[in-house]
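K.L.:
Sequence and predicted structure are below.
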Protein chains: 2
Amino acid sequence: MQELAISLNTKSHKPLYEQIYQHIREEIQNGRIPAGEKLPSSRRMSANLQVSRSTVDLAYEQLLSEGYIESVPYKGYYVCSLEGLCHMEFKEPEKKERRQSREERYRYDFAVSGIDPDGFPYNIWRKISREVLSEEDPQLFQLGEPQGEPGFREALSDYLHYARGVNCTPEQIVVGAGNDYLLLLLHVLMNGSSRIAMENPTYCTAGHCLEAMGCDVISVGMDESGMLVEELEKSGADVAYVMPSHQFPTGIVMPLRRRMKLLSWAAKAEDRYIIEDDYDSEFRYKGKPIPALQGFDTAGRVIYLGTFSKSIAPSIRISYMVLPMGLLEIYRRKGILFSVTVSRVDQKIMEEFLRGGHFERHLNRMRAVYKAKHDLMLGRLRKMEKICRVSGEQAGVHLVVHFVNGMTEQEAVRRAAGSGIRVYGISRYRMEGQKRYEGEAVLLGYSTLRLDELERAADALEQAWSDNKKV
Amino acid sequence: MQELAISLNTKSHKPLYEQIYQHIREEIQNGRIPAGEKLPSSRRMSANLQVSRSTVDLAYEQLLSEGYIESVPYKGYYVCSLEGLCHMEFKEPEKKERRQSREERYRYDFAVSGIDPDGFPYNIWRKISREVLSEEDPQLFQLGEPQGEPGFREALSDYLHYARGVNCTPEQIVVGAGNDYLLLLLHVLMNGSSRIAMENPTYCTAGHCLEAMGCDVISVGMDESGMLVEELEKSGADVAYVMPSHQFPTGIVMPLRRRMKLLSWAAKAEDRYIIEDDYDSEFRYKGKPIPALQGFDTAGRVIYLGTFSKSIAPSIRISYMVLPMGLLEIYRRKGILFSVTVSRVDQKIMEEFLRGGHFERHLNRMRAVYKAKHDLMLGRLRKMEKICRVSGEQAGVHLVVHFVNGMTEQEAVRRAAGSGIRVYGISRYRMEGQKRYEGEAVLLGYSTLRLDELERAADALEQAWSDNKKV
């Protein structure tokens, strides 16, 4: 072929080999160098362009590795047929005029989900992910087991045994990308025909997902010990969805006696199940945590749901469920058809995180962080005794505030909003069409605000709520 | 408190500070140092143990960060109450006596799924994941949008437009952890009442998932252009699941005329949809790829499914679907309830991988790798013209082998197995209870075998199939 006229810019920040590579690539793409054409030898090219031969070699290697040219032994480099070769260009992402979202209008948001802004264990996560990827284990990139990696499930079962008193083998664990996904999978296992009882108020996200799947979701009342089992019995439900360690949103911890009553409800009829959502059991600030309901289940009726959303980060999407033996058999026929939804790399990272003691250290660090926030907010609210009293304390990452000065929930939310503070009325956590939860209250989540922000937000709240305006 | 007697081992590989930290931690855990006790000042401790003060400080900082002790300004370090503090120990993972699996009995496995063992782009993936994690963006660890990250969806829509002729906005894309998950979600959007037609033979994994969800799956016959639209019309199905770019397992590419016929079937009645599974469209070795069916759809009836399982790795679990407008509206009511199943970190890595041109380079590299394997196998099989002929060539990562010497599919599989080679009879890809696919054939997947292995496997296959034993 004739000599290539490439004008090199020695002052560019782009290396010379890349300029050569790009020029030739474009010529091939535009068809100006046709398929089958022989490229000049690297010796001739280097003399011609007055660059070193290794520079030309680098450019050729790049073209070779990308499939633009091929090497014919003893003959040289030839341009490949471009048919089927992939070429893409990306639009610059549009810088959209960002509308001010409702969230941004608030100075402080007492969100009840999310983690501490400094809470993600960057350093160790980076370190482990580097290690996992540098093993260059080809197996790690083939499709893994539908239930999740055996090693990860083994570490999980150890953890659940130690930390939560869950009684299971690794074979009973199914790993999945979030609770919503696990509920979808459970729905398949349960043949899609469930009448599910939830507490009132409850974690509506799960309730709405279940309804969208076609489940019949029924609200069952609570007293100070949690779900009322008599009412559950009357409801005709075959599945009870409960959060015994720390009910959302009330913060109620279900005492042992009620747990036993619930278990005996489940044992009474075939196909009755309890879904135990143990979403934030990791954080308790006083007293020993009560072991999971699952650990007391002798009839094989409890499905245990756990997640790293609260304890590590909601965005990494690693949850798991422990199936009782009866459902496990069904899983092995039907559930196993569905490929695992968590990346094998992430499962491996999480396994190392557990086994290496990093999770233990991380939890203890976060517990200290959240306890400091909890204590600060609790102290501040207790001083506002003429305005409110607090419940649901000593666990989780939110407090429940009840008003004693006659202020309604709606008024409390409105007044806070007026001062640029977002708080969450408890009535938003009842399923639509269900009767109102009687106790009016407001939730204050403290995980995503920093200590100094909490201080200022507490000041502003106190002022908003104790104003002399009509209450 | 009294002096702590810590025996330090200066010859240990364990740093001194860690020995001090561990000793005190154990003492606290065992209750030998009770809650509320003050620790000796670091000055006193360092004098006592004859180590530097910074060594003691390090140990104290570790204990502090893990919540074992707390710092009281101007007073010193005090042991925290251990109530609720997390402590775990892990069993050593059992080294199970590994049973020799069926796979291991084979010397060569012509698996039709999986990627090239050297195919994962380790270096660039590591580099990008390090960069993503080192930004320390707290937002990255809060829960992301249910549909997937806006930036990732924008990059995806550019890619789909360029590479596949898909006509969509980022708003129509839903990201999910694998096709099986996306089918679960689709099932929710379609109200769980679908009669789904699949080709025969087909990708049974999807068919079995759909059946497990409660769908009515019907097989529809094919000719050399793919699914027979007349038969589809008669079947009463409202959804057709097709793979027009490269049907699995036959390798048939649906010509434009049949595509148009299929689209007009869908447009004929409300609620008819086509699921276009474009699972391996990235790899074509000759001719330009036909753009996706979705690009020709003017009636809003095509749901486009794509995945990075084939093009990057099945274990990273990133798939996506493009919804037509009608379903998008339903998604916005019901689908949006389900949290995204792909980690935000992975979405960010993948976005960079696309935008930075790495995916383009990777695809071109893998195309060259697979083309070399394809050409080798095709060349070898064409020389066995007295035994077989080949179809489904020039695309994907498997070939279909039809026998011309009277050998049955079963016999071919058996003979190959006798020589330690695993090949896949095409009849395993028909849904149970459906009529047998008439053309007997064997699939040879070449993605997971290396070139030299393919050479040896081809030798062995030729011998096994051309033996003078009774055929």
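P.N.:
Structure received.

K.L.:
ok, so what distance separates A:P170 from A:G357?
P.N.:
A:P170 is 20 Å from A:G357, where distance means C-beta to C-beta, to the nearest Å. Every C-beta, even on glycine, is put in place using the N, C-alpha and C of the backbone.

K.L.:
Same drill for those two, tell me which one is more crowded.
P.N.:
A:P170 (20 against 14; other C-beta atoms under 10 Å in any protein chain shown).

K.L.:
residues contacting that one?
P.N.:
A:P170 is in contact with A:P150, A:R153, A:E154, A:L156, A:S157, counting by C-beta atoms under 8 Å, 6 or more residues apart in numbering or on different chains.

K.L.:
which residue packs closest to the first one, ignoring adjacent ones?
P.N.:
Once its chain neighbours are removed from consideration, A:P150 has its nearest residue in A:P170; the separation is 6.4 Å (C-beta to C-beta, 6 or more residues apart in numbering or on different chains).

K.L.:
Name the residues that touch the host helix or strand of A:L64?
P.N.:
Using DSSP states H and E, A:L64 falls within helix A:53-65. Residues from elsewhere that reach helix A:53-65 (C-beta under 8 Å, 6+ apart): A:16-18, A:20-21, A:24-25, A:28, A:39, A:42-43, A:45-46, A:49, A:69-71, A:77, B:361, B:365, B:368.

K.L.:
Show me how to select, in ChimeraX, the buried members of these.
P.N.:
A single ChimeraX command selects the buried members of the contacts of helix A:53-65 (16 or more other C-beta atoms under 10 Å in any protein chain shown):
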select /A:16,17,20,21,24,25,28,39,42,45,46,49,69,77 /B:361,365,368
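
K.L.:
taking the contacts of helix A:53-65 one by one, which sit in strands?
P.N.:
Judged by DSSP state E, these include A:I69, A:E70, A:S71, A:Y77 as members of strands.

K.L.:
check the residues you listed against chain B, which are close?
P.N.:
Among those, the residues that sit close to chain B (C-beta under 8 Å from any C-beta of the partner chain) are A:E70.

K.L.:
Closest one to A:V423 out of the ones in strands among the contacts of helix A:53-65, please.
P.N.:
Within the set of the ones in strands among the contacts of helix A:53-65, A:I69 lies nearest A:V423; the separation is 64.3 Å, counting by C-beta to C-beta.

K.L.:
which outside residues touch the helix or strand containing A:C209?
P.N.:
Assigned by DSSP H and E, A:C209 belongs to helix A:204-212. Residues from elsewhere that reach helix A:204-212 (C-beta under 8 Å, 6+ apart): A:179-180, A:183-184, A:187, A:194, A:196, A:198, A:217, A:241, A:277, A:428-431, B:188, B:334-335, B:337-339.

K.L.:
Please pick the buried ones from these.
P.N.:
Buried among the contacts of helix A:204-212 by 16+ other C-beta under 10 Å: A:179-180, A:183-184, A:187, A:194, A:196, A:198, A:217, A:241, A:277, A:429-431, B:188, B:334-335, B:337-339.

K.L.:
The longest helix belonging to chain A to helix B:53-65, inter-axis angle?
P.N.:
With DSSP state H applied, the helix covering the greatest number of residues in chain A is identified as helix A:358-383. Here the directions of helix A:358-383 and helix B:53-65 differ by 70 degrees (axes from the mean of the first three to the mean of the last three C-alpha atoms, to 10 degrees).

K.L.:
chain center to the next helix or strand after helix A:358-383: distance?
P.N.:
Later in the chain than helix A:358-383, the nearest helix or strand by DSSP H and E is strand A:388-391. Centroid separation between strand A:388-391 and its chain, computed with C-alpha atoms, centre = their mean, to the nearest Å, is 30 Å.

K.L.:
next one: stretch A:246-254
P.N.:
Offset of stretch A:246-254 from its chain centre (C-alpha atoms, centre = their mean): 21 Å.

K.L.:
ok, residues contacting it?
P.N.:
Here stretch A:246-254 has contacts from A:112, A:199, A:201-203, A:222, A:224-227, A:242, A:244-245, A:262, A:279-281, A:290, A:293, A:391-393, A:395-396, A:398-400, A:424, A:426, A:429, A:443, using C-beta under 8 Å, 6+ apart.

K.L.:
tally of neighbours for A:E462?
P.N.:
17.

K.L.:
got the contact list for it?
P.N.:
A:R380, A:M384, A:I387.

K.L.:
Next, the closest residue in space to the first one that isn't next to it in sequence: secondary structure please.
P.N.:
It refers to A:R380. Excluding the flanking residues, the one nearest A:R380 by C-beta to C-beta, 6+ apart is A:A458, at 4.2 Å. When classified by DSSP: H, G, I helix; E, B strand; the rest coil, A:A458 comes out as helix.

K.L.:
Which elements pack onto the strand or helix carrying A:R153?
P.N.:
Using DSSP H and E, A:R153 maps to helix A:150-164. Helix A:150-164 sits against strand A:173-176, strand A:302-307, strand A:319-322, helix A:344-355, with contacts defined as 3 or more C-beta pairs under 8 Å, 6 or more residues apart in numbering or on different chains; DSSP states H and E.

K.L.:
switch the cut-off to 6 Å
P.N.:
Helix A:150-164 sits against helix A:344-355, with contacts defined as 3 or more C-beta pairs under 6 Å, 6 or more residues apart in numbering or on different chains; DSSP states H and E.

K.L.:
do the helix it packs on and chain B meet?
P.N.:
Yes - Helix A:344-355 is in contact with chain B by C-beta under 6 Å from any C-beta of the partner chain, via A:R344, A:R355.

K.L.:
just to revisit the earlier point, got the angle between the helix holding A:C209 and strand A:302-307?
P.N.:
If you take the same axes, to 10 degrees, helix A:204-212 sits at 120 degrees to strand A:302-307.

K.L.:
after helix A:204-212 comes which helix or strand?
P.N.:
Using DSSP H and E, the helix or strand that follows helix A:204-212 in sequence is strand A:216-220.

K.L.:
in what helix or strand does the residue found closest to A:T408 once you drop the neighbours it is linked to in the chain lie?
P.N.:
Closest residue to A:T408 apart from its sequence neighbours, by C-beta to C-beta, 6+ apart: A:E440 at 5.9 Å. Element membership for A:E440, per DSSP H and E: none, as it lies in no helix or strand.

K.L.:
Which pLDDT value belongs to the closest residue to A:L143 other than its chain neighbours?
P.N.:
Leaving aside its sequence neighbours, A:L143 sits nearest to B:P314 (C-beta to C-beta, 6+ apart; 3.9 Å). We note a pLDDT of 90 for B:P314 in this prediction.

K.L.:
how far away is the nearest residue to A:G300 once chain neighbours are set aside from A:G148?
P.N.:
Closest residue to A:G300 apart from its sequence neighbours, by C-beta to C-beta, 6+ apart: A:P324 at 3.8 Å. Using C-beta to C-beta, A:P324 is found at 18 Å from A:G148.

K.L.:
which of the two has more neighbours?
P.N.:
A:G148 (24 against 20).

K.L.:
Quick check: that one vs chain B, distance?
P.N.:
Distance check for A:G148 against chain B: by C-beta to the nearest C-beta, to the nearest Å, it reads 12 Å.

K.L.:
again with A:V239
P.N.:
In this view, A:V239 and chain B are 17 Å apart by C-beta to the nearest C-beta.

K.L.:
Ok, A:I28 next?
P.N.:
For A:I28 relative to chain B (C-beta to the nearest C-beta), the value is 11 Å.

K.L.:
wouldn't that residue be in contact with A:I69 here?
P.N.:
No - assessed by C-beta atoms under 6 Å, A:I28 is found out of contact with A:I69, at 7.8 Å.

K.L.:
Perfect, I'm done here.
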